[in-house]
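Participant: Starting from these lines, generate the structure:
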Amino acid sequence: MRNFSDAYLLEKLCQNDTTAFEEIYHRYSSKVYRIAYKKLYSKEIAEELVQDLFTKLWLKRHELHITGSIESYLAIAILNAVTTHIRACLVREKYASQIQWDHYLRETNTEDIVCVNELEETLQRAISSMPEKSREVFLLSRYESQSANQIAEHLNISHKTVEYHMGKALKYLRVHLRDFVTLIIFWFTF
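Facilitator: So this is what the prediction gives:
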């Protein structure tokens, strides 16, 4: 089936032709994998998302309404799967952080809670008042756990520019949080 068009393969796929499905898989699975891997930098997750995508393609073969090329359809589908995966990870991470935070708050006394809340408010104000680009780099690094290379690619800036803005953001926070330094050291020491 190597010489058949995508339209023909799609037609045969809708007719339960496993050979057509295998040909589609062989033609496009590595391309789709590369798209997922470039976004996730995880071989295992990219492979899992590709397998899920082709499993869904087979299971929903009778419901398919592909107007363009199969390659374009699969590329868009894998990007959607990557986005869904990233969102799910962020939600899980945020939920886990909230549980840890709630546990910590239950274990501390009222004075500690007031100090922590004040620190958190001061930190949020400091982040909000940072220069825009430095704030953006800081948030991507610290809140979304992106590497300097990922941030550079995401913001379309050089790695050196990311380092510059990260240094500027950290210096900015040191100045604005200097009143809390002793408190932070005390908390993490005991």
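Participant: quick one: least confident helix or strand in the protein?
Facilitator: helix 181-189 (a mean of 58; mean pLDDT, DSSP states H and E).
Participant: wait, what's in contact with Glu120?
Facilitator: Listed by Cβ atoms under 8 Å, 6 or more residues apart in numbering, Glu120 has no contact partners. (C-beta placed from N, C-alpha, C; glycine too.)
Participant: So it: helix, strand or coil?
Facilitator: Here Glu120 is helix, with the state taken from DSSP: H, G, I helix; E, B strand; the rest coil.
Participant: Now do Ile151 against Asp179, distance only.
Facilitator: Separation of Ile151 from Asp179 (Cβ to Cβ, to the nearest Å) stands at 29 Å.
Participant: And the two? Which one has more around it.
Facilitator: The neighbour comparison of Ile151 against Asp179 (other Cβ atoms under 10 Å) goes to Ile151, with 23 against 10.
Participant: Just list the residues touching that one, thanks.
Facilitator: 137, 140-141, 157, 162.
Participant: The spatially most central residue of the chain is in what secondary structure piece?
Facilitator: For the chain, the residue nearest the mean C-alpha position is Ile86 (3.8 Å; Cα atoms, centre = their mean). Assigned by DSSP states H and E, Ile86 falls within helix 70-107.
Participant: Go through that helix and flag the buried ones.
Facilitator: Buried positions in helix 70-107, judged by neighbour count with 16 or more other Cβ atoms under 10 Å: 70, 73-75, 77-78, 81-82, 85.
Participant: got the contacts of Ile151 as TSV, with secondary structure columns?
Facilitator: As requested, the contacts of Ile151 are exported to TSV (three-state DSSP):
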residue	secondary structure
Val137	helix
Leu140	helix
Ser141	helix
Ile157	coil
Val162	helix
